[in-house]
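Chemist: Structure, please.
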Amino acid sequence: MSQPASNDVQSQFTGTQPVGPYNAFDEARLATWMAANVPGFQGPMSVAQFKGGQSNPTYLLTAGGQRYVLRRKPQGDLLPSAHAVDREFRVISALASTNVPVAKTHALCEDATVIGSMFYVMDHVEGRILWDPTLPGMEATERGAYYIEMNRVMAALHNVDPVAIGLADYGRPGAYLERQIARWTRQYKAAETEPIEAADLLIDWLPRHMPTEGQSRIVHGDYRLDNVIFHPTEPRIVAVLDWELSTLGDPLVDFAYHCMTWHMPAGRSRGLRGGNLATLGIPSESDYRAQYMQRTGRSTAVAEADWTYYLVFNMFRLVGILQGIAKRAELGTASNASAVETAKRARPLAEQAWNLALTLHHNR
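Modeler: Got it, this is the predicted structure:
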């Protein structure tokens, strides 16, 4: 939601590039580990780094006619509880038995001496990652099909019973929003590079206006257009990516994060606000929300005041994520070259969230 303008985005973030010096590791040692831990692995192996992603460095491994993806924790000092690739590995492995499309996982390595940090390996899934939510170059009827599919898959995730797939302990029971607010407040403060008054106001406001908590389900935490892989030619999702923020929590809060796309400006912020959705063939937020409610079997609509609160919270949460990117850019440990530009979104987003909070506060 915070990358460069749409014309540049597809080429800038699609595909691979040579591994830079900071993210390099002993490839021979990795190949030895792969041979011992990944069934069917045969060398020799080549390594490239994916261009996209701001958080966990991600690599393409090619060996013996097979292609694998490696996700690792960044090196250096990290924020507490961030970059949880072990949790990613666990949730993707568990979801393999459900209607949620995920890549096949192979092995988790918790031994940081192999490549310098914890990592896991999964299959490479062929397909397309799309970066601009206005879906340039498509017909209006095509665009609608892609949004229907994103909605369907998110509803499928939220319909999964975590107990049934061995994830009953994947997050703490209850008090989800309270814990999330506390967590992102800590993350924001730990990564603070300069004071942002609106963020400080939100830190005070959010705990005092929490709505009643809903049901507990698996929440992705970062479900958006560029975190799914679409089939090479069809509007069908073949894998959901980037599960590092997943946990158990209120699915409506998770869905509201996904719907922030409708509140972000089109263009630099990779949003839909300001676009002619009817002409584009993209559903309005209210229609998209109604589709989700139907797919998840909810007979009553979410209260508008609660929905607005969820949006405010998720904007603050994204401010925390952007602030973490800013901190890594300052330290020189960011995994993506556009980190400095991305980090500049923190202040205007915090101000947008605070202005939205004020409308809710005045209406209550």
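
Chemist: where does the protein have low pLDDT?
Modeler: Applying pLDDT under 70 to the chain picks out residues 1-14, 52-55, 76-83, 333-343, 361-364.

Chemist: rerun that using 80 as the cut-off
Modeler: Along the chain, the parts satisfying pLDDT under 80 run over 1-15, 52-55, 75-83, 267-269, 326-344, 361-364.

Chemist: need the longest helix for it.
Modeler: The residue-count maximum for a helix in the chain (DSSP state H) belongs to helix 304-331.

Chemist: Let's check: the centremost residue of the protein is which one?
Modeler: residue 222 (2.6 Å; C-alpha atoms, centre = their mean).

Chemist: wait, that residue sits on residue 247?
Modeler: No. Applying C-beta atoms under 8 Å as the test, residue 222 and residue 247 come out as separate, 11.5 Å apart. C-beta here means a position set from N, CA and C on the backbone, and glycine is covered the same way.

Chemist: Quickly find the element holding the residue nearest to the centre of the chain.
Modeler: Secondary structure assignment for residue 222, by DSSP states H and E: no helix or strand.

Chemist: tell me the contacts of the nearest residue to it once chain neighbours are set aside?
Modeler: The shortest distance from residue 222 to any non-neighbouring residue, by C-beta to C-beta, 6 or more residues apart in numbering, is to residue 245 (5.1 Å). Each residue near residue 245 by C-beta atoms under 8 Å, 6 or more residues apart in numbering is listed here: 220-222.

Chemist: how close does residue 245 get to residue 84?
Modeler: Residue 245 sits 8 Å away from residue 84, taking C-beta to C-beta, to the nearest Å as the criterion.

Chemist: for residue 215, same thing?
Modeler: In terms of C-beta to C-beta, residue 215 sits 23 Å off from residue 84.

Chemist: Look at these two and report which has more neighbours.
Modeler: Between residue 215 and residue 84, residue 84 has the larger neighbour count (other C-beta atoms under 10 Å), namely 18 against 11.

Chemist: Surely that one touches residue 244?
Modeler: Yes. Taking C-beta under 8 Å as the definition, residue 84 is a contact partner of residue 244 at 5.4 Å.

Chemist: Which residues outside stretch 177-189 are in contact with it?
Modeler: Contacts of stretch 177-189 (C-beta under 8 Å, 6+ apart): 79-82, 172, 199, 203, 206-207, 210-211, 213, 249-250, 253, 313, 316-317, 319-321, 323-324.

Chemist: Separate out the buried members of those residues.
Modeler: Buried members of the contacts of stretch 177-189, scored by 16 or more other C-beta atoms under 10 Å, are 79, 82, 199, 203, 206, 211, 249-250, 253, 313, 316-317, 319-321, 323-324.

Chemist: buried stuff in stretch 184-204?
Modeler: Within stretch 184-204, the residues that count as buried by 16+ other C-beta under 10 Å are 184-185, 187-188, 191-192, 196, 198-203.

Chemist: Leaving out chain neighbours, which residue sits closest to residue 281?
Modeler: residue 140 (2.9 Å).

Chemist: quick one on the thing from earlier: name the helices or strands packed onto the longest helix of the chain?
Modeler: helix 176-191, helix 197-205, helix 251-258, helix 339-343, helix 346-363 (3 or more C-beta pairs under 8 Å, 6 or more residues apart in numbering; DSSP states H and E).

Chemist: Enumerate every residue touching residue 346.
Modeler: 196, 199, 319, 322-323, 326.

Chemist: Farthest-apart pair in those residues, please.
Modeler: Using C-beta to C-beta, the contacts of residue 346 span at most 12.0 Å, a distance reached by 199 and 326.

Chemist: Give me the number of neighbouring residues for the residue nearest to residue 167 when sequence neighbours are not counted.
Modeler: Leaving aside its chain neighbours, residue 167 sits nearest to residue 94 (5.3 Å; criterion: C-beta to C-beta, 6+ apart). Residues near residue 94, counting by other C-beta under 10 Å, number 20.

Chemist: give me the number of residues near the nearest residue to residue 127 once chain neighbours are set aside?
Modeler: Take residue 127 and drop its neighbours on the chain: the residue closest to it by C-beta to C-beta, 6+ apart is residue 229, 4.0 Å away. Number of residues near residue 229 (other C-beta under 10 Å) recorded here: 21.

Chemist: Please renumber the chain so that the first residue is 27 from this point on.
Modeler: Yes, from this point I'll number from 27; that puts the last item at residue 255.

Chemist: What does residue 255 show for phi and psi?
Modeler: phi -110, psi 120 (degrees, to the nearest 10).
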